[in-house]
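[1] Give me a 3D structure for the following:
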Amino acid sequence: MAFLSSMNVVGSGLTAQQLRLDVVSENITNMNTTRTEGGGPYRRKVVVLESQSNQTAFQAALERARGNQPQQQGGVRVAEIAEDPSDFKLVYDPTHPDANDQGYVEMPNVDLVKEIADAMAANQAYSANVTAFNVLKQVAAKGLEIGK
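    Numbering: from 1, shown residues only. Below you'll find the predicted structure:
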């Protein structure tokens, strides 16, 4: 049913954007962390999203061979949470316990401006998914009123 697949698409978008906001908040929380369990400063994380389809290429080809239109169920899924490979920032602070021999401390590669912009983009995408969900609810309600 197209209605339910539309709900699944919207739900996957809501879940993905919530995870993006969670990762942004983790980055902001750790923007001054100079020592991690793995050694060295905290490295910024980014969410990598990709489109998803419930049909494999073979299933889609089989549907076309039968003369049917393959279902275009979509949505989004998190491919991975990757680490940003950019360089760490060097800050001169010889009194810091993690300072090197020259007095420089490697600080995380988290930029507050980038994080706020990413949070704003995720928030806008989340809001768009909520709007789409509300429209789907209205369509379902109107469809149920037809039978009255």
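
[2] from the chain's centre, how far out does the helix ranked longest in the chain sit?
    Taking DSSP state H as the criterion, the chain has its longest helix at helix 112-146. Remark: helix 112-146 is offset 15 Å from the chain centroid, using CA atoms, centre = their mean, to the nearest Å.

[3] model confidence over it, on average?
    For helix 112-146, mean pLDDT is 92.

[4] before we move on, what about stretch 50-58?
    Stretch 50-58 comes out at a mean pLDDT of 70.

[5] now do stretch 9-23
    93.

[6] Name the surrounding residues that touch that stretch.
    The contact list for stretch 9-23 (CB atoms under 8 Å, 6 or more residues apart in numbering) reads 45-47, 49, 52, 73-78, 81, 118-119, 122-123, 125-126, 128-130, 132-133, 136. Any C-beta I mention is one placed from the backbone N, CA and C, and that applies to glycine too.

[7] mind listing what residue 24 touches?
    Here residue 24 is in contact with 115, 118, 119, 122 (CB under 8 Å, 6+ apart).

[8] Among the contacts of stretch 9-23, name the buried ones.
    Among the contacts of stretch 9-23, those scoring as buried are 45, 47, 49, 52, 75-76, 78, 118-119, 122, 125-126, 129, 132-133, 136 (criterion: 16 or more other CB atoms under 10 Å).

[9] and which of those is nearest to residue 88?
    Within the buried ones among the contacts of stretch 9-23, the smallest distance to residue 88 is 14.3 Å, found for residue 45 (CB to CB).

[10] Contacts only, for that closest one.
    Neighbours of residue 45 in contact, by CB under 8 Å, 6+ apart: 23, 26, 27, 81, 82, 83, 84.

[11] In this structure the fifth one contacts residue 44, no?
    No. Taking contact to mean CB atoms under 8 Å, the distance of 9.6 Å between residue 82 and residue 44 leaves them out of contact.

[12] which of these two has more neighbours?
    residue 44 (23 against 12; other CB atoms under 10 Å).

[13] which stretches of this structure form strands?
    Using DSSP state E, the strands of the chain run over 45-51, 76-83, 89-92, 104-107.

[14] right, and those strands - which one's nearest residue 147?
    Nearest of the strands of the chain (CB to CB): strand 76-83, 33.8 Å.

[15] quick one, the closest one and helix 112-146 angle?
    In terms of direction (axes from the mean of the first three to the mean of the last three CA atoms, to 10 degrees), strand 76-83 departs from helix 112-146 by 170 degrees.
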